[in-house]
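Trainee: One predicted model, sequence on top.
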Amino acid sequence: MFGFCGVSVGGKGDGVVEMNQLKMTIAKPETEDFEDAWAFIRMLNLVTYDLNPLKTDTDGEYEYLADEDKSDVLDAVVEKFNECSLEWMLSALQALMSPEMGIINQDSDTLELHPKLKGGTE
């Protein structure tokens, strides 16, 4: 459940590294990683609506966030953030969507395969 597997750097032998020669290997997110990230986002959304993600009433509805609960909720949000590796998942997404990878059609407003890849699937 964590991101970078390795980093290799190419250069001209003079100690200078050009950015286009930096190569990273990023581990593929698992189902649990997505579940953890969504749990964090759901918790943040509840707090945004001034609801307490840690307390529900007898009907199962979230209670409003009281001032005396804010410290506990903040601790829980930070803990949930630490469990979800959101930065790593965004790094993986950014890498997959980068023009250099040639996976996503950069000219499209929606997520679709690059035309070179799309031709092989039709």
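Mentor: Sure thing, it's come through.
Trainee: And the helices in this structure?
Mentor: Ranges of helices in the chain, per DSSP state H, are 31-48, 70-84, 86-97, 115-118.
Trainee: tell me which residues in the longest one are buried?
Mentor: Counting neighbours by 16 or more other Cβ atoms under 10 Å, one finds that the buried residues in helix 31-48 are Asp33, Asp36, Ala37, Phe40, Met43, Leu46, Val47. To be clear about C-beta, it is placed using only N, CA and C from the backbone, and glycine gets the same treatment.
Trainee: Please apply the same query to the third one.
Mentor: By neighbour count with 16+ other Cβ under 10 Å, helix 86-97 contains the buried residues Leu86, Trp88, Met89, Ala92.
Trainee: Turn the buried residues of helix 31-48 into a markdown table, columns for distance to Leu113 and pLDDT.
Mentor: Putting the buried residues of helix 31-48 into a markdown table (distance: Cβ to Cβ, whole Å; pLDDT from 0 to 100) gives the following:
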| residue | distance to Leu113 | pLDDT |
| --- | --- | --- |
| Asp33 | 23 | 92 |
| Asp36 | 28 | 95 |
| Ala37 | 24 | 95 |
| Phe40 | 29 | 97 |
| Met43 | 33 | 98 |
| Leu46 | 36 | 98 |
| Val47 | 37 | 98 |
